[in-house]
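Engineer: Compute the structure for the input listed below.
(one chain, ligands or ions: 2)
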Amino acid sequence: MNCTRHSCCSSGIGRGRRRLERVVMGRPRPVVLSGPSGAGKSTLLKKLMKEYDGVFGFSVSHTTRSPRPGEVEGKDYHFVSRADMEKAISNGEFIEHAEFSGNLYGTSKAAVEVVQAQNQICILDIEMQGVKNIKKTDLKPIYISVFPPSVEVLEKRLRDRKTESEESLQKRLKAALRDMETSKEPGMFDQIIINDNLEEAYGSLKSALSEEIQRALASKKS
Ligand SMILES: Nc1ncnc2c1ncn2[C@@H]1O[C@H](COP(=O)(O)OP(=O)(O)OP(=O)(O)O)[C@@H](O)[C@H]1O
Ligand SMILES: Nc1nc2c(ncn2[C@@H]2O[C@H](COP(=O)(O)O)[C@@H](O)[C@H]2O)c(=O)[nH]1
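Structural biologist: Residues are numbered from 1 along each chain as shown. Ligands and ions are numbered 1, 2, ... in the order given. Predicted coordinates:
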């Protein structure tokens, strides 16, 4: 189908130039969103993906944990057995993987490629070990960490979510305390966002990603 927006398109010259520009500008930079379990990463991500429909693509991780009510296979996670996941890891199918709260989690190469093939900003929602492993790759994402306003609030959010057993909740709180300290190390994250008031935290997330969002929107128009 011919483009009707650009007068130069009938010659094919503009089309070629824009294709070249996309190649030169490269792919949109991925975003790593990390932070303690219960801090509000998924809540913020859902808002972002709703407002910027088609701009962001979620890297669907693999996990050995059981699905929660409402979670959809292939959308929230690929839910797999430990044996299958360990086999896929040893086959080199994962960019990173980690054990968290008694389960395996990992980002497959395919999960990122699917998003990048659509020229979308790829979002990885991963815990701290995954962040450290991604730093050893050539993905070069923007690193953002979401913090709760306090550990007490974090515990309340996790309890109110009603997704965790007492054992899993305690493991997640312990990991939160450890990981929040590591997150403050210089160079670990480009930005730490405190998610107290949701709208304010969402505003901070949008500002942190504004350059990348503008670039992706401009590239969609061309
Ligand atoms: N600013 C906020 N104020 C009050 N409640 C919030 C806020 N942000 C998120 N929540 C609630 O806190 C709970 C945890 O949020 P969410 O599931 O988004 O966390 P998460 O960081 O994605 O956790 P996980 O890493 O375990 O997936 C949810 O019930 C969510 O509705
Ligand atoms: N290293 C990785 N961590 C991941 C991945 N997918 C999710 N996560 C993180 O796990 C915890 C727990 O998630 P939950 O859905 O069980 O609450 C959370 O911090 C996620 O960010 C992954 O592929 N790799």
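
Engineer: Just give the number of residues close to L209.
Structural biologist: Using other Cβ atoms under 10 Å, the number of residues around L209 comes to 23. For glycine as for every other residue, the C-beta is placed from the backbone atoms N, C-alpha and C.

Engineer: I figured it hits V32, correct?
Structural biologist: No: with contact defined as Cβ atoms under 8 Å, L209 does not reach V32; the gap is 11.7 Å.

Engineer: Need the residues touching each of those two.
Structural biologist: Taking Cβ atoms under 8 Å, 6 or more residues apart in numbering as the contact rule, L209 and V32 both touch 142, 144.

Engineer: Which residues does the lengthiest helix in the chain contact?
Structural biologist: Secondary structure of the chain per DSSP state H: the longest helix is helix 166-183. Under the criterion Cβ under 8 Å, 6+ apart, residues 34-39, 100-102, 127-128, 145, 147-148, 151, 154-155, 158-159, 164, 188-189, 192 lie in contact with helix 166-183.

Engineer: How about exporting that helix as CSV, limited to the C-alpha atoms?
Structural biologist: Provided in CSV are the C-alpha atoms of helix 166-183 (Å, rounded to 0.1, in the frame of the first residue of the first chain):
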residue,chain,number,x,y,z
GLU,A,166,3.5,-16.8,54.5
GLU,A,167,6.8,-18.6,53.5
SER,A,168,6.9,-16.9,50.1
LEU,A,169,6.1,-13.5,51.6
GLN,A,170,8.9,-13.8,54.1
LYS,A,171,11.4,-14.8,51.3
ARG,A,172,10.2,-11.8,49.2
LEU,A,173,10.7,-9.4,52.1
LYS,A,174,14.1,-10.7,52.8
ALA,A,175,15.1,-10.4,49.2
ALA,A,176,13.6,-6.9,49.1
LEU,A,177,15.8,-5.7,52.0
ARG,A,178,18.9,-7.2,50.4
ASP,A,179,18.2,-6.0,46.9
MET,A,180,17.2,-2.4,47.8
GLU,A,181,20.7,-2.0,49.3
THR,A,182,22.4,-3.3,46.2
SER,A,183,20.2,-1.1,44.0
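
Engineer: Next to ligand 1, which bits of the chain? Give me the list.
Structural biologist: With Cβ under 6 Å from any ligand atom as the criterion, the chain meets ligand 1 at residues 37-43, 157, 160-161, 195, 198, 201.

Engineer: Can you lay out those as a markdown table showing secondary structure and pLDDT?
Structural biologist: Converted to a markdown table, those look like this (DSSP: H, G, I helix; E, B strand; the rest coil; pLDDT from 0 to 100):
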| residue | secondary structure | pLDDT |
| --- | --- | --- |
| S37 | coil | 98 |
| G38 | coil | 98 |
| A39 | coil | 98 |
| G40 | coil | 98 |
| K41 | helix | 98 |
| S42 | helix | 97 |
| T43 | helix | 98 |
| R157 | helix | 98 |
| D160 | helix | 98 |
| R161 | helix | 97 |
| N195 | coil | 98 |
| L198 | helix | 98 |
| A201 | helix | 98 |
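
Engineer: and the residues you listed near ligand 2, which?
Structural biologist: Among these, proximity to ligand 2 is found for S37 (Cβ under 6 Å from any ligand atom).

Engineer: Can you select the buried ones from the residues of the chain next to ligand 1 in ChimeraX?
Structural biologist: Restricted to buried positions by 16 or more other Cβ atoms under 10 Å, the ChimeraX selection for the residues of the chain next to ligand 1 reads:
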select :37,38,39,40,41,157,195,201
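
Engineer: and of the residues of the chain next to ligand 1, the nearest to ligand 2?
Structural biologist: Checking those against ligand 2 by Cβ to the nearest ligand atom gives S37 as the nearest, at 4.6 Å.
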